[in-house]
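> predicted model, plus sequence, below.
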Amino acid sequence: GQNIDQPTEMTATEGAIVQINCTYQTSGFNGLFWYQQHAGEAPTFLSYNVLDGLEEKGRFSSFLSRSKGYSYLLLKELQMKDSASYLCAVRSSGTYKYIFGTGTRLKVLA
Amino acid sequence: DVKVTQSSRYLVKRTGEKVFLECVQDMDHENMFWYRQDPGLGLRLIYFSYDVKMKEKGDIPEGYSVSREKKERFSLILESASTNQTSMYLCASRSVGTDQPQHFGDGTRLSIL
């Protein structure tokens, strides 16, 4: 079957660093996406990985290991506005379909 | 910026009604998607369309149909609404290309009474 696992909830302190993990088992792989979703709002795109390694975008970085079926999203210098759900999604190869994890709800405390 | 607009943020309907959810995107995207989002279940794909008049079933198409007569508009239809279709419905669009992300609308919170 196809499955994506993420922790349900995480808590961190303002100014700290947090790592949100995502493991996946899918039939084929054609890229992994991270989205941020604030409560009551639309998911917004954060990052894309298709090759192994680290992609850095300002305070956010995303890492991929295809052989391990593993990715993480790293958030540095946490701010209160980073309190949101973070969704990991994998695109299966040869299809238009994306498999989404259930999301990790991050709470940033002052 | 890409804009994906869903016709209603909140909608209340009765069991057995035919319900239409509309989605419009302004970036000439080929692909469009309908998901529902439920607590603990994440986003689940109902239908997607890879071009005008083209559609494919997602993972949970039962009780739903779709229409894509124009490139910018993708409609989700609940043929006969039931209480288990109470959910948040999200529309998304994307351009072709492996690295192109989906762009989501703000969602429609649908309650079926």
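Now that the structure is in, tell me what you want to look at.

> and the contacts of the lowest-mean-pLDDT helix or strand in chain A?
Within chain A, confidence by mean pLDDT, DSSP states H and E is lowest for strand A:98-100 among all helices and strands, at a mean of 90. With contact meaning Cβ atoms under 8 Å, 6 or more residues apart in numbering or on different chains, strand A:98-100 is reached by A:2-4, A:24, A:26, A:33, A:87-92, B:33, B:35, B:42-45, B:102. Quick note: C-beta positions are derived from backbone N, CA and C, even for glycine.

> try it again with 7 Å
Under the criterion Cβ atoms under 7 Å, 6 or more residues apart in numbering or on different chains, residues A:2, A:4, A:26, A:87, A:89-92, B:42-43, B:102 lie in contact with strand A:98-100.

> now do stretch A:45-59
Contacts of stretch A:45-59 (Cβ under 7 Å, 6+ apart): A:31-36, A:60-66, A:71, A:75-77, B:98-99, B:101.

> make it 8 Å
So stretch A:45-59 is contacted by A:30-36, A:60-67, A:71, A:73, A:75-77, A:86, B:98-99, B:101-103 (Cβ under 8 Å, 6+ apart).

> tell me the buried residues in that stretch?
A:45-49 (16 or more other Cβ atoms under 10 Å in any protein chain shown).

> what of stretch B:97-113?
Buried residues in stretch B:97-113 (16+ other Cβ under 10 Å): B:100-105, B:107-110, B:112.

> now stretch A:56-71
In stretch A:56-71, counting by 16+ other Cβ under 10 Å, buried: A:60-64, A:69, A:71.

> just flag the most distant two among the residues you listed.
A:60 and A:69 (21.3 Å; Cβ to Cβ).
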